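K.L.:
What follows is a predicted protein model with its sequence.
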Amino acid sequence: MPVAEQYIQYVRERTIKEPEKSWDKILLGFRMNSLRMHFFPNRKLARGYQKLEEMMMKHVADSLSRPHSYVWGNIFAPCELVNAFGLRLLSIESLACYLSGYHLEDFFIDFAQSIGLAPTLCSYHKAFVGAVESGVVPTPAYAVTTSLSCDGNLNTFRFLQKKNNVPFMLLDVPYTDDGDAIDYLAGQLEELVRDMENRLGCRFRIEKLKEALRIENETRKELNKLAEQLQVHYYPGAVIDQMYLMMATHLLMGTPEFLELIRFMNEDIQTHPEFTGKRILWIHLLPFYQESLNGYFNENEKYQIMATDIIVDYLGDLDTERPFYALAKKLIENVFNGSYGNKAKQICDFAGEVKPDAAIHFCHWGCKQAAGGSVMLKEAMRREGIPLLILDGDGIDKRNSHDGQIKTRLEAFLEMIGEGGAEA
Amino acid sequence: MIGYICKYTPIEIFESMGEELERIQPEVTSFNQADTLMHPNLCSFAKGVLEDALTGRYDGIILTTCCDSIRRVYDVLKERLPDKFIYILDTPRITKDAAVRLYEKRIRSMIAEYEAFSGRKFDEEKFVALIQKKSRDDMISLKKDRLNVGILGARANPNIQKILEEHGVNVAFDLTCTGLARKILADDKEPFAGYVRGLLNQFPCMRMESASNRDRLIEQYVGSVDGIIYHTVQFCDNYSYDYAWLKGILKKPELLLETDNTKQSYGQILTRIEAFLESLRETGAGRRQGTPAGADRHLSETESGGGNAAREGKKMYVLGIDSGSTSTNAVIMDSDRQIRAFEVVRTGAKSGESAERIRDLVLEKAGLKREDLSRIVSTGYGRVSIAYADENVTEISCHGRGAHYFNPEVRTILDIGGQDSKAIRLDANGEVVDFVMNDKCAAGTGRFLEAIARTLEIDISEVGPEALRSTEEIEITSMCTVFAESEVISLIANNKEKCDIANGICHAIANKAYSLMRRVGMEPVYMMTGGVAKNSGVVRAVEEKIQAKLYICPEPEIVGAVGAALYALDTI
């Protein structure tokens, strides 16, 4: 057994035995992994993805190593605003993913269920609550969540506040997209700044926020360019890289290093050959551990995931002179907000630009907002001439995701869309 | 007629416009349309609303942005019913002034759209006059000399209240979405804004930010009742957080009850509520000595016959009969609490027939005649189908009683039967203080084991001994019986040893059992009952998981029947 796997096994066993005493071992593993990615990256991947993996591992390892340097959030919490305090944002969904690297998700999920959380709840939320409640994960001084895009957010953060005294602020994102909604949410963002200043004693720098939004606008242009390039070039990546990209576009958006990375990718991709296989647009989360999916989408010249809906969940330009207004507008116009008809339209518009050959909608266990619209999206995509496969499974809990079933469905779908280029 | 679901819906607006409103309370037989148009894993209430709405009986449906599932219901209804008034109200989650202002605007937009749809006109003066007339009902009503039970959690299925009332229980409050008296604030200066403020400031549901207020009110109400039924809806997960929190702070007996808005779930609800009421009555102020008050009792010839026998000083006998899904078990006990005979038979397609058969068999074994039996108590899923029983008691109370009979030290019971698994916690007197049961899924039950044994092509009795010979650890990850079966088929295809697969299955069952046991609280001594307790592989796996020995009595299948017999002895 490789050393890394042995260490993972060791940490898993110790954590189950003595949850309260395992955090240092977990953290050490994250740091070692961050170094490993720097010195011994996976050479099969394109360099851009190697750098992305290292960047995201480092973000988590560095933040967790300095307990006062970060706040908890959900994936849609405004990282730009948190960064303007000189703090980092760690989303609980991402942390659940990182912890699953130790194959501990079953232990955490069972723990959460044993204290009363519903077995049908989203596995990311259960895994995270289990990790905190079992005493494994230490708590920060503050947390912020949006009501976007699921019911779990408010409930998880409120539960952790009650049980572990982690103060949090809810950003209530209105459903309807209009000026009143933007003003309402912008007011809450300003209140969030005041609350963080009061509770954390940190200074908020509005100029830093404006600068972040300028960088974000640039980054978004580069991301659009990358999506275009992915139509043309084969850029070897892995399923997990799409997850890293999801995290980066929400936790590191507006930072110079992320802009630099995407610029690098746009240059690097041009040195790669033409892509002649099938381009897949992925909808919702990816079960990065699933054997069959990795078999078909990791470094495969025949099939390339070109984007996921979460990476392109907002495509507008931010008004840098009105940062609170801009961030409120970004959340309200997010593809995950409002009706599913609106989401389906935005995804179809995007597909019209990047021209995927097919789409896959992964219905993650417990995610009602996504699963509930999957049939509607399939119908909308069909009208656009894009076949869509609905796959049921679990983004993190292997027990809810049967590889044999996924394999059969995936292979049948890939057979259906053919193996050759776009014209096949 | 307009249908609505949420207490934050401004129904008085529509009332003032002369529109008839009805709260949608679905009770359906299938989710065919919802599963096809949305996804099976959505909240079953929301799916029921969709099924109900698609029948076309409403001219319009007003939804709110209350939860993820309902938002998706709106998307589908809007597309499917283009000629109806399908509206979703963007309801804030906070209650501050900015939220009140925003909600007022949202409601006014809705009014404008409804006016255009219906041709009716909204008259603010008429509306204000209406809300001024409305008064708030009291949220709590206690009754003396009756059990007072409160309902908390997600929108309560109407059957819960019905069952409680039929069992002579007073529903002191219903703080679920559906049960609340509406809060109307009549503000003279700004009547409309005042009304909106009142709407947002109702007893908060779990989608609202102001949860601390909720906790305070709940603690206040709960203090005055005998017990709490905490209701959740399948795939509505928000209330499980509330339950997990309240479980730790409320000092009252509680029952966690999950329903799925189908007509078929009535039997399950009934068993759980009856068992809960039995435990409340047993622990509550010494109201009874033995037989659960309120249990269905019928005077019969055997009862009077038993009385004669007692007067004549003859030895008396009672019969306890446990009609389970897989086996029917019977025990004859004498008045000295000694087991005279017992019998276990397979429950056929008709539980009533196997009950007839087992009575004759066990009487024969005991060398007794029907008229020698002074009293008969039935338990188990088929308890109500046993016509000759004098009384029926739920299997939860009977297992508690039976376990205490075999070993008074037992505090936590794990019972795994054919289609049920449950954990029961007892106090030092053998009274049930808490219990949880598995959901509808067969994972971790005897049926699960049977299916896997069939796949492995071994007899179910061989699964345990096979598992004990295992040398390689195999993890069965699927908990669903069907998926686990296909996982086992893949393992067989990969040439894995039968013994290792069998052991993997035993561990899968143990994991499920462990989570049930943790939910009632792990207090030693532990006992395992039910047919699966005969499986040495499962027993070993559970013992490893709980890191303690399990006490297993010689015939673990008859514990429920022994409990039933003890209940029968109580009354003679």
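P.N.:
All right, it came through fine.

K.L.:
next helix or strand past the lowest-mean-pLDDT helix or strand in chain B?
P.N.:
The helix or strand of chain B with the poorest confidence is helix B:301-311; it has a mean of 38 (mean pLDDT, DSSP states H and E). Next helix or strand after helix B:301-311 toward the C-terminus (DSSP states H and E): strand B:317-323.

K.L.:
strands paired with that next one, and their directions?
P.N.:
Using DSSP bridges, the strands paired with strand B:317-323 are strand B:327-334 (antiparallel), strand B:373-379 (parallel).

K.L.:
Residues in contact with the shortest one: which ones?
P.N.:
Identification of contacts with strand B:373-379 by Cβ atoms under 8 Å, 6 or more residues apart in numbering or on different chains yields B:302-303, B:305-307, B:309-310, B:316-323, B:332, B:355, B:363, B:384, B:386, B:388-395, B:397-398, B:560-561, B:563-565, B:567-569, B:571-572. All C-beta spots, glycine's among them, are computed from the backbone N, C-alpha and C.

K.L.:
Including mean pLDDT and mean neighbour count, could the strands paired with strand B:317-323 go into TSV?
P.N.:
Formatted as TSV, the strands paired with strand B:317-323 follow (pLDDT from 0 to 100; neighbours: other Cβ atoms under 10 Å in any protein chain shown):
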stretch	mean pLDDT	mean neighbour count
strand B:327-334	93	26
strand B:373-379	94	28
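
K.L.:
Include distance to residue A:233 when you put these into JSON lines, please.
P.N.:
Shown next, in JSON lines, are those (distance: least, Cβ to Cβ, whole Å):
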{"stretch": "strand B:327-334", "distance to residue A:233": "65"}
{"stretch": "strand B:373-379", "distance to residue A:233": "70"}
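
K.L.:
closest to residue B:240 out of these?
P.N.:
In terms of Cβ to Cβ, the element of the strands paired with strand B:317-323 nearest to residue B:240 is strand B:373-379, at 29.6 Å.

K.L.:
now the chain, which segments are flagged as low pLDDT?
P.N.:
The chain I'm using is chain A. For chain A, the stretches with pLDDT under 70 are A:419-424.

K.L.:
looking at chain B here, not the other one
P.N.:
Residue ranges of chain B with pLDDT under 70: B:135-138, B:178-183, B:185-186, B:211-212, B:283-314, B:349-352, B:439-442, B:478-483.

K.L.:
Pop the domain breakdown of it in here.
P.N.:
B:2-133, B:148-283, B:301-396+B:560-570, B:415-552 (automatic domain parsing).

K.L.:
Distance to residue A:117 for those domains - can I get that in a markdown table?
P.N.:
Converted to a markdown table, the domains of chain B look like this (distance: least, Cβ to Cβ, whole Å):
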| stretch | distance to residue A:117 |
| --- | --- |
| domain B:2-133 | 15 |
| domain B:148-283 | 5 |
| domain B:301-396+B:560-570 | 23 |
| domain B:415-552 | 11 |
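
K.L.:
wait, which of those is closest to residue A:36?
P.N.:
Nearest of the domains of chain B (Cβ to Cβ): domain B:415-552, 26.8 Å.

K.L.:
so who does the closest residue in space to residue A:85 that isn't next to it in sequence touch?
P.N.:
In space, and not counting its chain neighbours, residue A:85 is closest to residue A:202: 4.5 Å by Cβ to Cβ, 6 or more residues apart in numbering or on different chains. Residue A:202 makes contact with A:85, A:86, A:87, A:196, according to Cβ under 8 Å, 6+ apart.

K.L.:
Out of those residues, which is nearest to chain B?
P.N.:
Using Cβ to the nearest Cβ, residue A:196 is the member of these that sits closest to chain B, with 17.2 Å.

K.L.:
which residues touch the residue of the stretch 101-250 of chain B found nearest chain A?
P.N.:
Nearest to chain A in the stretch 101-250 of chain B, going by Cβ to the nearest Cβ, is residue B:244, at a distance of 3.2 Å. Neighbour list for residue B:244: A:115, A:116, A:117, A:159 [criterion: Cβ under 8 Å, 6+ apart].

K.L.:
Would you mind giving the secondary structure of it?
P.N.:
Here residue B:244 is recorded as helix under DSSP: H, G, I helix; E, B strand; the rest coil.

K.L.:
what's the answer for the one 4 residues further on, then?
P.N.:
Judged by three-state DSSP, the three-state class of residue B:248 is helix.

K.L.:
Any figure for the gap between the residue of the stretch 51-200 of chain B found nearest chain A and residue B:49?
P.N.:
Ranked by Cβ to the nearest Cβ, the top residue of the stretch 51-200 of chain B for proximity to chain A is residue B:72, at 2.9 Å. Per Cβ to Cβ, to the nearest Å, residue B:72 is found 11 Å from residue B:49.

K.L.:
ditto for residue B:533
P.N.:
Per Cβ to Cβ, residue B:533 is found 42 Å from residue B:49.

K.L.:
try residue A:167
P.N.:
Distance of residue A:167 to residue B:49, computed by Cβ to Cβ: 36 Å.

K.L.:
More neighbours: these two, which one.
P.N.:
residue B:49 (26 against 16; other Cβ atoms under 10 Å in any protein chain shown).

K.L.:
Now do the SS call for that one.
P.N.:
Residue B:49 ends up helix, using three-state DSSP.

K.L.:
For it, list the residues it contacts.
P.N.:
Residue B:49 sits next to B:5, B:24, B:26, B:61, B:70, B:73 when contact means Cβ under 8 Å, 6+ apart.

K.L.:
Residue A:196 contacts residue A:141, correct?
P.N.:
No - the criterion here is Cβ atoms under 8 Å, and residue A:196 misses it with residue A:141 at 9.6 Å.

K.L.:
How far does stretch A:297-307 sit from its chain's centre?
P.N.:
19 Å (Cα atoms, centre = their mean, to the nearest Å).

K.L.:
returning to that earlier point: among the domains of chain B, which is nearest residue B:407?
P.N.:
That would be domain B:415-552 among those, by Cβ to Cβ, at 5.3 Å.

K.L.:
how far does the closest one stretch from start to finish?
P.N.:
By Cα to Cα, to the nearest Å, the extent of domain B:415-552 from end to end equals 11 Å.

K.L.:
coming back round to it: and the contacts of strand B:373-379, which are buried?
P.N.:
Buried members of the contacts of strand B:373-379, scored by 16 or more other Cβ atoms under 10 Å in any protein chain shown, are B:302-303, B:305-306, B:309, B:316-323, B:332, B:355, B:363, B:384, B:386, B:388-395, B:397-398, B:560-561, B:563-565, B:567-569, B:571-572.

K.L.:
quick one: the helices in the stretch 201-350 of chain B?
P.N.:
Counting by DSSP state H, counting those that start in this stretch, one finds helices in the stretch 201-350 of chain B at the ranges B:211-222, B:238-249, B:266-283, B:301-311.

K.L.:
Number of residues surrounding the residue nearest to residue A:118 when sequence neighbours are not counted?
P.N.:
Spatial nearest neighbour of residue A:118, excluding adjacent residues (Cβ to Cβ, 6+ apart): residue B:240 at 3.7 Å. By other Cβ under 10 Å, 28 other residues sit near residue B:240.

K.L.:
Stretch B:221-238 near chain A anywhere?
P.N.:
Yes - remark: stretch B:221-238 sits within contact range of chain A at B:232, B:234, B:235, B:237, B:238, by Cβ under 8 Å from any Cβ of the partner chain.

K.L.:
of all the residues in the stretch 51-200 of chain A, which ones are close to chain B?
P.N.:
Going by Cβ under 8 Å from any Cβ, the residues of the stretch 51-200 of chain A near chain B are A:110, A:113-122, A:147, A:150-152, A:154-156, A:158-159, A:162-163, A:170, A:172, A:174-176, A:180-181, A:184, A:187-188.

K.L.:
for residue B:191, what are its contacts?
P.N.:
By Cβ under 8 Å, 6+ apart, the neighbours of residue B:191 are B:124, B:127, B:128, B:131.

K.L.:
Please apply the same query to residue A:183.
P.N.:
Residue A:183 makes contacts with A:325, A:328, as judged by Cβ under 8 Å, 6+ apart.

K.L.:
Then residue A:137?
P.N.:
A:23, A:95, A:99, A:128, A:131.
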